Structure formats: structure tokens, C-alpha cells
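[1] Predicted structure and sequence below. I'll ask about it afterward.
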Amino acid sequence: MPFLKGHGTENDFVIIPDPDGVLDLPAGTVARLCDRRAGIGGDGLLRVVRSAAHPEARSMAGEAEWFMDYRNADGSVAEMCGNGVRVFARYLQRAGLAGADGLAVATRAGVRRVRLAGDGGVTVHMGAAKLPGGTETDVTVTVGERSWPALNVDMGNPHAVAFVDDLAHAGDLYTAPAVAPAAAYPEGVNVEFAVGRGPRHVALRVYERGSGETRSCGTGACAVMVAAARRDGADPAADGTPVTYTVDVPGGRLVITEHPDGGVEMTGPAVIVAEGTIDPGLLTLPEG
């Protein structure tokens, strides 16, 4: 079985081309492929499937030929991955499957439109952020003895954004930070810890649901940007002026813009670093 490996600001993925949707990739197999010692290694897996060939994407086939079947490193299914969409689009470009003007990608969070620039940057229209609790911090994040108010931000997947004094206060992030109330996130949550770096410039660390701490999270960067804008008194939908933030992640830098129509755009790099074939034995789960 062929595979590729790619990353977006060091958020890395195993890419499995499966245009006709014939592969069986149970959670255990995905976890083995993403294992950094016994597999290929990655924060997640991107299965490339034609929308018409996947039951979850057939309704979007008229808008987007390709569906990003994204899995977390533990094999669990996720609605969306911002860095993953950029890498997914880069693969389609490499394979001659993306037009010069960009393309549309179907995801479990809906269709995302992507523009590939000549300088290597990829811009994704991420859709609008939703604030289920309004603009007030309505959840609490706790690490050890420290707790912070956090903003509930939905970017097609769930986020809790906490502003902290020092990113080191997030701890080692080997385990998921405690988030309350649990009822706010029935399917689990991605937790971002953010600090200010200057005017319209923030930095973050993230614990990704199903993957642990990662070097970058695209939807998380968008969530942090929206939370920072509201904290700073900016709301493009209300004042009619777009706002752009630079968001530093451990693996690099992303540029996020929120527009008056509510749409959020994310721009960052996407790189394919290797390709090869997978030994069939890696796909066979051990008995018991």
C-alpha cells in the first residue's frame, strides 16, 4: 500500500491515497501507522478518498471531488484538521489532482476551499467560528494547581482557549488538561494555551484530542485568533473591518484573518517530505 508523509508547521501526517474507498482502516491499524516507534509516525492520518466513494461525503461530491477522511493518532475520527487540509491539498497538487486556481476539499465539518500559492503557502477558507457560550469565558481549564477561564470556540471541531501568563504553565501536556463543565464538550475537546506576543500577535501550545500535544494545530490557531480578537475588542461581523493576527506555534507560524462575513482564513506552509510503500504486516493487527 502506498503512503506519503507530510507536515504543516510540523503537525505531521501519514497520507494514504485510497481514491475508490476500498481500504479498511480500523482504529487499531491507524494507531499502528501513526506510532512513532513501531510505525511511520504522525499526529494523524489523512486518507484521500473521492467524495462519491465515501458514505459520509457523498452529499458533498457536487462541490468537492475529494474527501479528507481524517483520523487522530489514536485512530479516533475527527471532524476537521486545519493543518491537515493544507497538507491534503499539497498532496493533491503533487498528484496532479488540484487545479491551478485551487480546489475544494470535503471534510466532516463541511467543504473547505483551498488556494495554493507559488511561494509554498496554502490558504484555507476555514468557515466561520462559532462561540457556543457567546463572547464570555464559559469554561475552565485546569493544569495542576492552576486554573484559567477559557472561551468555547467551535471551528468545525471543539476548542477551549485559555490565555495564560506563560506557556510553560500548560505543563508537560502528556495528559489532557481538565476542562469543566464536561457537558460543554461531550465529544472531548482540543485545549489551547495562548499568550500575547505584541499587537495582533499571539503564541500557543495545544493539547489535541486523540493525539496529545502537537507542534501545531490549524483549527486551534484559528480558535485562538478569534478569542484574541474578541479579547482585544475586535469583531469583524460587528464593525465591518477584517482583522489579521500572526499566530506562532511550536512548529512555525500561521497567519489568520477573520472577515466581516464571519469567514476565517488560515495561511501557512504545507510540505510533503517522503513517500513509499507500507509493509503489509504493519496493517495486520496482532491477535488478542
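    That came through, no problem.
[2] which residues does Trp66 form a beta bridge with?
    On the basis of DSSP bridges, Trp66 is bridged to Arg50, Val105.
[3] Please enumerate the helices of the stretch 101-250 of the chain.
    Taking DSSP state H, counting those that start in this stretch as the criterion, the stretch 101-250 of the chain carries its helices at 218-231, 236-239.
[4] Between the ones you listed, which one is closest to Ala53.
    Nearest to Ala53 among the helices of the stretch 101-250 of the chain is helix 218-231 (25.3 Å), distances taken as Cβ to Cβ. For glycine as for every other residue, the C-beta is placed from the backbone atoms N, C-alpha and C.
[5] Could you list the buried residues of the closest one?
    Residues of helix 218-231 classed as buried by neighbour count (16 or more other Cβ atoms under 10 Å): 218-231.
[6] burial measure for the closest residue to Asp101 other than its chain neighbours, as a count.
    Nearest non-adjacent residue to Asp101, counting by Cβ to Cβ, 6 or more residues apart in numbering: Arg115, 7.5 Å away. By other Cβ atoms under 10 Å, 15 other residues sit near Arg115.
[7] Next, work out how far apart Val226 and Leu103 are.
    25 Å (Cβ to Cβ, to the nearest Å).
[8] Repeat that for Met266.
    Distance from Met266 to Leu103, counting by Cβ to Cβ: 16 Å.
[9] Just want to know which of the two has more residues nearby.
    More neighbours surround Met266 than the other of Met266 and Leu103, with 26 against 20 (other Cβ under 10 Å).
[10] check contacts around that one.
    Met266 sits next to Gly82, Arg86, Thr123, Val124, Met126, Gly218, Ala221, Cys222, Leu254, Val255, Ile256 when contact means Cβ atoms under 8 Å, 6 or more residues apart in numbering.
[11] so what's it bridging to?
    Val124, Ile256.
[12] Show the pLDDT at it.
    Met266 carries a pLDDT value of 98.
[13] next one: the one 3 residues further on
    Predicted confidence (pLDDT) for Pro269: 96.
[14] hang on, the earlier thing: any idea which of the buried residues of helix 218-231 is the one closest to Val153?
    Nearest to Val153 out of these is Ala223 (Cβ to Cβ; 3.9 Å).
[15] what residue ranges in this protein are flagged as low confidence?
    285-288 (pLDDT under 70).
[16] Just want the most central residue of it.
    In the chain, the centroid-proximal residue (Cα atoms, centre = their mean) is Cys81; its distance is 2.6 Å.
[17] so how far is the first residue of stretch 50-64 from its last?
    9 Å (Cα to Cα, to the nearest Å).
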